[in-house]
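S.K.: what's the 3D shape of this:
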Amino acid sequence: MATTSAPAIATRGLTKSYADRTVLTGLDLTVAEGSVFALLGPNGAGKTTTVQILTTLVAPDAGQIRICGHDAARDPGAVRRAIGVTGQFAAVDPLLTTEENMWLMADLHHLDRQEGRSRSSALLSRFDLAEAGRAQVATLSGGMRRKLDLAMTLVGRPRVLFLDEPTTGLDPRSRRTMWEIIRQLVAEDGVTVFLTTQYLEEADQLADRIALLDGGRIIAEGTADQLKRRIPGGHIRLRFTHGAQLDTAARAFSSLQVRCDRDALTLDIPGDGSIPALRAVLDLLDASDARAEQLTVHTPDLDDVFLTLTHKEPAR
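M.R.: Numbering: from 1, shown residues only. Predicted structure coming up:
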């Protein structure tokens, strides 16, 4: 008989207030083992507080937390041994070398010298930092520092990895390198990743499930595609070279709620961009004898989801 593994992270009724301000209200989360879960939300939504509570840095006022099967209230030490945390800013010592930072982390995890050096060397090679092993961290680029910070977090072989805005300040190339590293950690090592990010494309690229936090509550949750389908506005755009062709097509699609832009010579037809929807548009276009110069599919993205559901702009 098939069995279902317990979730890597599970919270029920998580609540937290500071003075007269309620930060979290009855937060329920379930994160599957070996997946990437992204928590999104505007500034002040409660993302940082959530991470602080899940990593045992802050105690909740109420609610239950289980991480890797451990009760965070009863056995916080077991939770800490099971997790790794990488924050917004690289927690590395700039006066030490790359290797020395790794060895320091190995000492903090009580690894013996041989195991610590072996583990450090393997991780530096994996993160393409071996050649920078004897370089002082102060001389490294921002992207290399972020990779080193993540490598240091992995010295203790965490089962759950909390990444709090891990690519803040990185250039596009370094950001994509970090994405690939995160994918490998999940696919090859089975690590569970809990991600907070202000880069919505990052969540779209990496997350198996996404939760949108606003006002201390989860207001939407699902896969990226599921969240996008909640937002209206998907359409198929036809562009024409002549106004007469546009008028002909507009008459052919008059039974639909089309949007016609005569200045741009475009016709927007409601549709989700699926193959059946495209086929229906093309068939009707052929039957009308109108000839479109260009066809493009426009679907809502996570920015649209964010702006529609929270009514606030994501911080950049």
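S.K.: does Met144 lie in a helix or a strand, and which?
M.R.: Using DSSP states H and E, Met144 maps to helix 142-153.
S.K.: for that helix, buried residues please.
M.R.: Gly143, Met144, Arg145, Arg146, Lys147, Leu148, Asp149, Leu150, Ala151, Met152, Thr153 (16 or more other CB atoms under 10 Å). (C-beta placed from N, C-alpha, C; glycine too.)
S.K.: from Ile210, how far out is the residue nearest to the spatial centre of the chain?
M.R.: Against the mean C-alpha coordinate of the chain, by CA atoms, centre = their mean, the closest residue is Ala203 at 2.6 Å. Ala203 is 5 Å from Ile210, where distance means CB to CB, to the nearest Å.
S.K.: who touches both of those two?
M.R.: Ala38, Leu40, Ala224, Leu302 (CB atoms under 8 Å, 6 or more residues apart in numbering).
S.K.: what's next to the lengthiest helix in the chain, contact-wise?
M.R.: Criterion DSSP state H: the longest helix present in the chain is helix 172-189. The contact list for helix 172-189, computed with CB under 8 Å, 6+ apart, reads 34-36, 127, 141-143, 146-147, 150, 154, 161, 163, 166-167, 170, 191-193, 195, 199, 202, 205-206.
S.K.: contacts only, for the closest residue to the residue nearest to the centre of the chain other than its chain neighbours.
M.R.: Excluding the flanking residues, the one nearest Ala203 by CB to CB, 6 or more residues apart in numbering is Ala38, at 3.9 Å. Ala38 makes contacts with Leu195, Thr196, Thr197, Glu202, Ala203, Leu206, Ala207, Arg209, Ile210, Ala211, as judged by CB under 8 Å, 6+ apart.
S.K.: among these, which are in helices?
M.R.: Using DSSP H, the subset of the contacts of Ala38 located in helices is Glu202, Ala203, Leu206.
S.K.: care to break this structure down by domain?
M.R.: Annotated domains of the chain cover 9-96+145-229, 235-299 [automatic domain parsing].
S.K.: make TSV out of those domains and add mean pLDDT and distance to Arg113.
M.R.: Shown next, in TSV, are the domains of the chain (pLDDT from 0 to 100; distance: least, CB to CB, whole Å):
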stretch	mean pLDDT	distance to Arg113
domain 9-96+145-229	93	14
domain 235-299	91	55
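S.K.: can you give me the helices in the protein?
M.R.: Along the chain, the stretches classed as helices by DSSP H are 47-54, 76-82, 98-108, 113-126, 142-153, 172-189, 200-206, 224-229, 243-252, 275-288, 302-310.
S.K.: return the set of buried residues in the first one.
M.R.: It stands for helix 47-54. Lys47, Thr48, Thr49, Thr50, Val51, Gln52, Ile53, Leu54.
S.K.: restricted to buried residues, select the contacts of helix 172-189 in PyMOL.
M.R.: Only the buried entries of these go into this PyMOL selection, using 16+ other CB under 10 Å:
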select buried, resi 34+35+36+127+143+146+147+150+154+161+163+166+167+170+191+192+193+195+199+202+205+206
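S.K.: ok, now which ones touch the nearest residue to Gln245 once chain neighbours are set aside?
M.R.: In this structure, Gln245 finds its nearest non-sequential neighbour in Ala290, 5.0 Å apart by CB to CB, 6+ apart. Residues in contact with Ala290 (CB under 8 Å, 6+ apart) are Phe240, Gln245, Leu246, Thr248, Ala249, Ala252.
S.K.: 10 Å instead, please
M.R.: Taking CB atoms under 10 Å, 6 or more residues apart in numbering, we find Ala290 in contact with 238, 240, 242, 244-253, 267, 284.
S.K.: just Leu246 next, same as before
M.R.: Taking CB under 10 Å, 6+ apart, we find Leu246 in contact with Leu238, Arg239, Phe240, Cys260, Asp261, Arg262, Ala264, Leu265, Thr266, Leu267, Ala290, Ala292.
S.K.: let's see 8 Å
M.R.: Contact criterion CB under 8 Å, 6+ apart gives Phe240, Cys260, Arg262, Leu265, Thr266, Leu267, Ala290 as the residues in contact with Leu246.
S.K.: which one of the residues you listed has the most neighbours?
M.R.: Within those, most neighbours by other CB atoms under 10 Å means Leu267, with 28 neighbours.
S.K.: who's that one bridged to?
M.R.: On the basis of DSSP bridges, Leu267 is bridged to Leu238, Cys260.
S.K.: try His70
M.R.: The residues that His70 bridges to, once DSSP bridges is applied, are Ile67.
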